[in-house]
Every structure is written in C-alpha cells, then in structure tokens.
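Q: Here is the input, now give the coordinates:
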Amino acid sequence: MLMLIAELLILGASLLVLVYFVFLHPPKYPVNIPAIPFWVVLIPFFKDVDQSDIFRRYIEQPLRTHGAVKLFFGAQWNILVHKPLYLAEMFKDEDVYQKSGNQKKIPQSLFAQFLGDNIISSHGEVWKNYRAVVKPGLQRNFETDAIARNASQLCDLLRDAQTRAGRAGVAMQEMLQRYSIANCSEVVLQTKLGALTSATAPINILQSAVKREIFKPVFMNFPVLDRFPLPSRTRVRQMVDRFKNELKRALIENNEPLSWSSDMPLDGLGRRMLNAKKSGQWTEQQLLDNLTVTFVAGQENPQLCMISTLYLLAKHPDAQTRLYTEIQSKAPDYTHPNPEMFQDMPILTAVIYESLRLFPPIGQLVNRKASEDALLGGDIVIPKGTYLGYNCYSTNRDPAVWGPRAHAFDPGRWGDSPAAIQKQYRLRKSRAEFISFHGGRRACLGEKFALLEMRITLVYLICEFTWTLDPRWLDRMTPVIGDMDFSNEGQSFYHRARGGILHSVQHNSTAVTAHNQSSHAGQTAFDDFFARLILDQADLCVGTEGLHAPETESTTQKLVDLFDSYLRYEGKDDKWTDTGRTYFTERIRHFTTRNLTIQFGLPAFPCKSSNLDKVTGRDPDRGEELALERLHGFVEAIERIYEPGAMLWIISDGHVFSDCIGVDDADVDAYGHKLKEMNICIGQRRGNLGRVGFKSLVDLFQLGALGPDGTPSILARQLNIPDIDHHVKTKVTDEAELCRRILIAGCGPQQAAIRAKIDSKDAAITALYRGFSRFMLEDLENRPNTKAMTRSQQKKVSSKVAFEMILMLFPNHVRLSIHAHNNAGPKFGIQLFDPAHTRAVAALSPDGELMTSVDLLHIPTPWHNCVVELAGSSDDVVLVTKAKLARAALSAGSVTGGLVGTGEGGSAYFSLQRKDAGSVGDGTAAAAHGDPAGAVAMATVAVKDKGVAVVPVEALGQVQRRTTLSEKADAVVAAVVRRNTGGGYATREPFRPARRDSWVGRLRWILSLFWPKGS
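A: Residues are numbered from 1 along each chain as shown. Next up, the predicted model:
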C-alpha cells in the first residue's frame, strides 16, 4: 500500500515537472535577457499588493538593465520591451513585428470574442481595409460644441451632487465614465446612447457588467479556462453579445435617414462603418468588432486620462492654480471652445502630456508577433512566432531618458511655449521615449480626438471646480483591500456611500474631491431606494446636549453594573475592564442624559438548527422560552432603576443565512411566528408587552408597504438588484430572497477584504471562520443533499458556507451579540441562559464538563441545543446540551422518560430519570468504542469496581460568567451581508521542511521553484 502511494506521488510530481517544463519553463532564446519568474503574475491572486509594487520589486530593474525581459502572460511566454531604441525598431518594421491580437493569440478567450478582429489588432490587407474606413472618421475636424455641451452637463451633475453632499466631496469615476461614453458615442459615432443623462441607460449597465466579468485576472492570465463550458463564462459570452448588439442597434437607429439632423457630419465614423457593411466592404462580424473596439478605446482611455489628470492636479495645487490662471486669461469665454483657442495654452497642453507620460491609459500591451527570426536592436535574438509587447509605464518613466526626476510630475519639462512643447512632444514620440499613443504607422488614430476632448474637459472642470484629494485615500495604482468595515472598494451601497462622501475644501465656486472610487452605472435606482430606507429607519438625535447631572450619572453607572452582573458574557481575553465598560457607558449615557427609553438591538433567534442531533425539532422550545424570560427580566430590572425603561429589539436574522445552513425559508417564517407568540405570552404573564420586540428583514426593508401591485420580483427588477448564489440546496421564498439581495447590495463588505482578514491570521476572524466551519460541518452532515458526500467534500462545502456567513455577519453597528466577543466594544456578548438556574454541559450530567466558548461562535444558544430536566438534579437547575445525548441515553435504556411539552403551544424539553446504577454496567468499554449511551452512564453513575465516587450535584464547579453589551437601536440595519462568488478560504497546514535527499524532499524542492520565497 505504501509503495502504491509512493508511486502515485512520484507520478504526480512527474506530471508537475512535465507541466512546468512544457508550459511554465522560460524559453531558451533570447539568451541574453532574463526571465521574470512565472509566479510573479500570480501574486495578486494571493496577496493584496499594488501593481506598481510588483513592477518595482520584480520587473523594473531587470527590464531597465537589459532593455527587455521574458514575461509570462496570457498562458505563454512573451518578450516585454522597454528600451526606446528597441521600440522604435519594432514600430518601424511592421512587417517583421506584426500586429497579432487576442483573436489570434488566445482565440478561445472571452476577451477575443469581445474585441474580435479589429483595426488595432489586425495586419496587412485586412488592416488596410479597416483603416480606409476608420481613419477619415477619426481624423476629421470634430464638433467642439457637442463636447462642450456634454462638459457643461457634467458640471451640472457635479454641482448637483456637491449640493447634496454639502461640504463633503463627490466621487468622480462613474460620472466621468458616463461623460466619456457620451462624447465618444455622439461625437465620434453620431449615436445617442443616453449615457450622461441617465445612469441606468442600457449601455451603462451592460458595460459595467461586462467590465466586471471579462477582465477577471484568473481568466486573463489563464485564457485556456475559457475553453471549458463554465456556466458563469457562458453567461458572460451572452452578455458580450448583448453589449455588441446594443451598440449596433443604436448606431443603425441613429443613422437612419429619418434620424439625421443638420448638425450631423456626413463623414462621421458611425455612418462610414454602416456604409462599409452595406457596400460589402465589411462583414457583419467586422462591423461588430470594429464598432466595439472604437467605442471601448474611444471612451475608456480618455476617462482614465481624465481621472489621472485630476488626481495629479489635486495632488499638486500649485499646478492647478497656474492652469486656472492661464485659462482665465486666455479663454475667458470657454463655453464656446474651438481648436485654435487651445493653441496658446502651453500649461494646459503640458499638463495633459505629463499626465499621459506618468499614467498612460494602457500601461502594458502585448500584441505583436515576430513573423520571422529577427535581431532586435542588433542585440536580442527573437525567434519566429514570439509575441512581443511593451510597458508604457516603464518606458515613459525611464530615468535614462527623462532624468533623475522621471517619476515626478513636472509639466515644465515639456517647455514653456506652444512651439517648444510641440517640438518636444514630436521628438519624444519619434524616439519611442513617449509611447502613450504607441508609435509608427500603427500609432493611435484617436489621438486627435482624445487630446481635443481632454482640453475642453479640463477647461470646464478647472474653471468650475477646485480639486482636492481625500486625505484618507491610500495612494496606489490598483484598488486597495482596505479595512473590512469601511473599505471603499466594496460593491454595496454602504461602501459606495462611504467612499463617495468625502471631505473637501471649497475654493472657486464649488469643491469636489477627486477620488479613484469604483462605482458602477445602473445602481442609482437602488442607491436612492436604500438611502431613503436608511433615512426613514434611522433614529437620528438632533438637539441640545443631554443633562449631565450627578443623579443621572449615578443612574447610568447602576445600569452599566446591572448589565455587567446580569447579562454580560465574559469570554477569552476579555477587555471589558480595559475599554469596553467605558464604551458601553457612553452608549447608555446617550439615553439617560436625555431621559429617553434605552434601545437595545440583538441579532438572534434565527431558526432551529437543521441538525436534529442538536435540537428537539423545528419549533421554539423550552430553550427559547428560558432565553426570552431572561431578556424580559433584564429589561424589567432596568425599569426598577431607570423610569423611562428600555426596549430590547430582537432582530430576527434567520433569513440572512438560512439558505446557507440548509433551512427552508418557510421553516424560518414558522419559527419566527411561533417565537413571537411565545414572547407575547411571556409579556402578558409579566405584565408588560413592550419590553422585548421583534424586527425582521421584511420590517426593516418595508416590504409590507409594496402595495397590491407590488411584488418582490417586480421590485428586484426595478432596482436592478443582482442575484445571489446558494451553496446548499434549500427552498426559498420570493420575499426572503429579496431581503437577502437587498441586504447584500446595500450592506455587503468586500469579499477580498474579508479574505485578507482571514489570511492575516487575525485571531478573532480566524476563530470565527473556524467556528463556522466546524458548526457547518455538524449541521450539514445530515442534510439529504450533502449526506452522500465524502467527509472531504463536506469540509469543502462547510468552508464555502463559513466564508459566506462571515461575509454576512461581519458587523458594522454597535449591538448586543450572542457571539463571544472580547467586550472591548462596539459589540458585547451576552449569555441567554441564566447560569444560576441553567447549566450548559457537554455531557448528560449536571456535573458534566461545561460547554466553553473556544471561539466567537459557541456561547450556548437555544437554537443549537435543547433543554433537559434530569431527575436528581437541583429543582431549579436544568441542563442545556445536545439532543442526541438525551436520545442516545433513552435508546440505550440508561434513563427513562422522554420528550414532553410537544403539544400545541407547548415548550418541548427532555424530562429524564436515571436508572439504578447497577443496571448500567461499565461504561468504559462503551466509551472506548464510541457508544455515547455508555459514555453518558459512565459520566453520571458511580461504577463500583472502578472506585469512582459519585460527585454530588451541590459540588458544581464555578459556572461561566454571564456577559453582553447593550447597544442603541439607532443603527437599525444591524445585519451586514455579502455573498462570495467563489469557494471558501481553507486554512493551511504548516509547511514542514523535508530533506532533499529523500523523494519527498526532492518533490517539495521542485514545488518550491514555483513559489516565491516569503510570499
């Protein structure tokens, strides 16, 4: 058997070595340039690292030292060129270094389907055919009034957004995207798409969706994956087709004779493309591909340039001031621009060129292929068939060309007069030292339009606004995985709002914060809905400072002491004394100084566990009754100290993740309904129905107010709320599913941020993740659709669900919690069972081992346990434990009794009586063989021949300390949710080094070649 395992491992290692040498091993030629390790392109998959950091650490030095390197990208090795001398030769010798785009390089990829065979990537006669149609349409004299009209509308949108934001700033990226789409479609293609006037225009929604999916790094680096019929990629292919056909539909509709207007140019590119198709010069596919690439490049690249330029000007206010002064002196009437007006604006031109130099819209491009063996620059042998590209970011910042301050923003380097600047610009382009628009015969045909658009846009934006950077923004080229609670890279409304509402300083007429904020079109309707929802639900306190009288402070401290002694759970590394008590006191003081009813919020009582080994059934039972009695008692005790009293809101969060834990939505609803009935009975019995109340997601999201004509599905379509994935098969209801979708879209933190938290080994997050994994492994093992899985498969599903539940439960609001937090605030753990009368045990005995909270998940709760009354225990002490222990003891005959209180309106629990010790027998063997009944008998009864003494009930050990925190219900939306689209993040076993003289050691040494040291 060992030999077989060894042979299989050796075979696996051999296959890995084969894959490495066939696909991943760098090619031998060229021999005089280094190869960047292939794993460098994989680093962003596993680490939150900025692309500029990767470039500086792994690529910059060898690239600049040798002028070129071998780089693995797109599932193959390429030559990445840096040296301007080499680039000039590449641009000049088009027949040797031929354009060969993704349609030839990776034809099976979605990216190839998206852009197809087009004027940018084609070669030879095909390219000449495309150029004959496209070039005249892109190099004509464009209508400046149309761009100015859109620029004016953009300023109106910004001004309106600024008014709504008050003294805060406004996120820019989404509006600039819509603006550049409007310019490209209307001015270049003579097509109105409504992108600027409506955030929910079809083209905005389609483009945002396509961009999110098509550029996923794993598929960009390994396009071979697009060969497989993955459902997600099939949906994206359909989305790409809809996108391209929407462009064609709009183009045809706007260029029909009945739609022509007097100001539409006869030589516009849109009309030229349609004429090429009608005449047979182009095929239908050629029209779609060239239309798509013109639209994408014509609006995406200018938008990126605008963002970069505003960023640089916000970072260098002195340059912004000089530019503003120049515009005011040279173009006081900037609302009617013309190309001649910009000829005498050297600062404007220099700022644009310097922005393009430092941040070229296309940082790296690999789309040329050697048609024959070649000697690049007389130095580097390029074998036939090799793909070549260049890194604009590197070449444009080369200190050997641009001097020691190559990385600095210095518009003055271009010259101080229009003539000097243009001379410098042409010289740098001809030498391939400035390659933002590429070079040679294949230089960008849209350069003229892009520069005109940039000039008009900057004139408007600089004259109308002052630009500043948000001081909290992390300065980096690629998105940051920020703090989990306040990451502004999330896709939810919550995180978009956090990122968009930024402080700024007014200067001219209005101040706007330039901010690289990711925000997608098509979300305005939902954002408006969710913002109104938050404002409607929020309990905002606007008024004078509360009364800080000595008697008020005394009452506050008594309430804090009450919470500390009655409800708070003391967990591991408890920080209540250090910081938590102070935080909690401030929360209580907010109410007492204003003589207001104290509001508590507790997300809890979701539903019964789907694992019947833990619970009596699906309905609330004696456990829930005891917990509710305890919460009523707490509020009752507050009333004896503080006359306005308190209200404890239970936010029933069952629908938040019931689909993850294998519980049908209908069962959650039934559990909640019966729980509310039980709460009413307790309130009536205690003389007050207003102490403990319930709020569900339906209440929070006001779905009851949809009206007779409204349904969840209609609302979901109207708000364009995305669908969610379900890892465990359950029956969902429309109402509950809509609640989950709203919660995800409205409050979800970023998935990557949570992965980073788990990867960081943060003790609290790691404990929570492992606790969820362990709990889910228990709950899912008996599910019909997971029972047939192997243990390994169940663990994988449990890991996925555990990661998803952390996404959903990670809190952003102060609240009471049934999780064992360290009580530093803002979350405080509470104990639902009164330890004076209830004992949570891991074995069926009043003196058994206590259930302890070893992670953030395991404060015992009624929905994961059952109540057992064991005869012989103290009259007022009941046990809380797993139902399987009681059932096993009954089956084995070691106890008598059974489940009672199961009738209508009853509170079920186990009532058990132990049999005589003599009939039990020795439980040692049973325990050794895994018999739980025998183990129970051994734990509860003295076995004479072992000499074990009976432990009396009175000798109970010290019970767990109760703990929890009260939190204000100002924050109504207490559950924070996010769904992951992939698998969970599995914990890793520690790597143990092996000797290289063994076959295991050699295998590990080979694998170590594939991974960077210390990564």
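Q: What distance do you get for Leu602 to Gly571?
A: Separation of Leu602 from Gly571 (C-beta to C-beta, to the nearest Å) stands at 17 Å. In short, each C-beta sits where N, CA and C put it, glycine included.
Q: just Val126 next, same as before
A: Distance, Val126 to Gly571, using C-beta to C-beta: 69 Å.
Q: surely Leu80 meets Arg64?
A: No - using C-beta atoms under 8 Å, Leu80 is not in contact with Arg64; the gap is 11.5 Å.
Q: For those two, indicate the residue with more neighbours.
A: Of the pair Leu80 and Arg64, Leu80 is the one with more neighbours under other C-beta atoms under 10 Å, namely 23 against 17.
Q: secondary structure class for the more buried one?
A: Assigned with DSSP: H, G, I helix; E, B strand; the rest coil, Leu80 falls in the strand class.
Q: begin at 387 from here
A: With the count now opening at 387, the last piece we talked about shows up as Leu466.
Q: Chain neighbours aside, what residue packs nearest to it?
A: Sequence neighbours aside, Leu457 is the residue nearest to Leu466 in space, at 4.4 Å (criterion: C-beta to C-beta, 6 or more residues apart in numbering).
Q: So what sits opposite the one you found in the bridge?
A: Beta-bridge partners recorded for Leu457 (DSSP bridges): Asn464.
Q: who's in contact with it?
A: For Leu457, the contacting residues are Ala421, Ile422, Val427, Ile445, Trp463, Asn464, Ile465, Leu466, Val752, by C-beta atoms under 8 Å, 6 or more residues apart in numbering.
Q: so which of the residues you listed comes closest to Val1266?
A: Val1266 has its nearest neighbour among the contacts of Leu457 in Val427, at 53.0 Å by C-beta to C-beta.
Q: in the stretch 1287-1401 of the chain, which ranges drop under the pLDDT threshold?
A: Flagging of the stretch 1287-1401 of the chain using pLDDT under 70 yields the residue ranges 1302-1401.
Q: hmm, try it at 90
A: 1287-1293, 1299-1401 (pLDDT under 90).
Q: Phe949 reaches Arg973, doesn't it?
A: No - in this structure Phe949 lies outside contact range of Arg973 using C-beta under 8 Å: 10.3 Å.
Q: Look at those two and report which has more neighbours.
A: Phe949 (26 against 21).
Q: Can you name the next helix or strand after the helix or strand hosting the more buried one?
A: Element membership for Phe949, per DSSP states H and E: helix 936-952. Downstream of helix 936-952, the first helix or strand assigned by DSSP H and E is helix 967-978.
Q: angle of that following helix against helix 936-952?
A: 130 degrees (axes from the mean of the first three to the mean of the last three C-alpha atoms, to 10 degrees).
Q: Name every strand pairing with the helix or strand following helix 967-978 and say which way it goes.
A: Later in the chain than helix 967-978, the nearest helix or strand by DSSP H and E is strand 984-990. Using DSSP bridges, strand 984-990 pairs in its sheet with strand 1032-1038 (parallel).
Q: helices or strands next to the helix or strand just after the partner strand in the packing?
A: Next along the chain after strand 1032-1038, taking DSSP H and E as the criterion, comes helix 1040-1043. In this structure, helix 1040-1043 makes packing contacts with helix 1051-1072, helix 1120-1133, helix 1177-1195, judged by 3 or more C-beta pairs under 8 Å, 6 or more residues apart in numbering; DSSP states H and E.
Q: Phi and psi next, for Gly502.
A: Main-chain dihedrals, Gly502, degrees, to the nearest 10: phi 60, psi -150.
Q: residues touching it, list them.
A: Gln489, Gln671, Leu674, Asp675, Thr678, Val679.
Q: Surely the last one is in contact with Ile506?
A: To tie it back to what came earlier, the one meant is Val679. Yes - using C-beta under 8 Å, Val679 is in contact with Ile506, at 5.8 Å.
Q: Secondary structure element holding Leu699?
A: Counting by DSSP H and E, Leu699 is part of helix 670-701.
Q: just to revisit the earlier point, which of the contacts of Leu457 are buried? Put it as a PyMOL command.
A: Only the buried entries of these go into this PyMOL selection, using 16 or more other C-beta atoms under 10 Å:
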select buried, resi 422+427+445+463+464+465+466+752
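Q: Hmm, which of the contacts of Leu457 is lowest in pLDDT?
A: On pLDDT alone, Val427 ranks lowest of those, at 76.
Q: nearest residue to that one other than its sequence neighbours?
A: Once flanking residues are discounted, Val427 sits nearest to Asn607: 5.4 Å by C-beta to C-beta, 6+ apart.
Q: got the contact list for that neighbour?
A: Asn607 neighbours (C-beta under 8 Å, 6+ apart): Val427, Leu428, Phe459, Gly460, Ala461.
Q: now the closest residue to the second one other than its chain neighbours: how far from Pro430?
A: Same thing as Leu428. Closest residue to Leu428 apart from its sequence neighbours, by C-beta to C-beta, 6+ apart: Asn607 at 7.2 Å. Per C-beta to C-beta, Asn607 is found 9 Å from Pro430.
Q: Same question for Thr854.
A: 30 Å.
Q: Neighbour count for these two, which is higher?
A: More neighbours surround Thr854 than the other of Thr854 and Pro430, with 23 against 15 (other C-beta under 10 Å).
Q: can you list the weak-confidence ranges in the stretch 837-986 of the chain?
A: Using pLDDT under 90, the flagged stretches of the stretch 837-986 of the chain are 850-937, 955-961, 963-966, 968-970, 972-977, 979-980, 982, 985-986.
Q: The same query, at a cut-off of 80, please.
A: Residues of the stretch 837-986 of the chain meeting the criterion pLDDT under 80: 855-935, 957-959.
Q: so who does Glu833 touch?
A: Phe823.
Q: so Arg657 makes contact with Thr577?
A: No - when contacts are counted by C-beta under 8 Å, Arg657 is not listed as touching Thr577 (10.0 Å).
Q: So between these two, which is more surrounded?
A: Thr577 (26 against 20).
Q: separation between that one and Ala585?
A: Per C-beta to C-beta, Thr577 is found 18 Å from Ala585.
Q: Then Glu850?
A: Glu850 is 21 Å from Ala585, by C-beta to C-beta.
Q: Among those two, which residue is more densely surrounded?
A: Ranked by neighbour count (other C-beta under 10 Å), Glu850 and Ala585 place Ala585 first, with 23 against 19.
Q: so the more buried one sits in a strand?
A: No - going by three-state DSSP, the assignment for Ala585 is coil, not a strand.
Q: Look up how far Ala595 lies from it.
A: Separation of Ala585 from Ala595 (C-beta to C-beta) stands at 14 Å.
Q: Asp479 is in contact with Glu758, correct?
A: No - Glu758 is beyond contact range of Asp479, at 10.5 Å (criterion: C-beta under 8 Å).
Q: follow-up on the earlier one: which pLDDT does the model give the residue nearest to Leu466?
A: At Leu457, the model reports a pLDDT of 90.
Q: What's the separation between Arg973 and Asn1208?
A: Taking C-beta to C-beta, one finds Arg973 at 17 Å from Asn1208.
Q: follow-up on the earlier one: next, the buried residues of the helix holding Leu699.
A: For helix 670-701, a neighbour-count test (16+ other C-beta under 10 Å) marks 672-700 as buried.
Q: Helix or strand next in line after that helix, which one?
A: The first helix or strand that comes after helix 670-701 along the chain, using DSSP H and E, is helix 703-716.
Q: Moving along the chain from that next one, name the first helix or strand you hit.
A: helix 732-744.
Q: And that next one, what does it pack against?
A: Counting by 3+ C-beta pairs under 8 Å, 6+ apart, helix 732-744 packs on helix 670-701, helix 703-716, helix 804-816, helix 833-850.
Q: From the rest of the structure, what touches the third one?
A: Spelled out, it's helix 804-816. Residues contacting helix 804-816 (C-beta under 8 Å, 6+ apart): 474, 729-732, 735-736, 739, 800-801, 820-821, 823, 825, 829.
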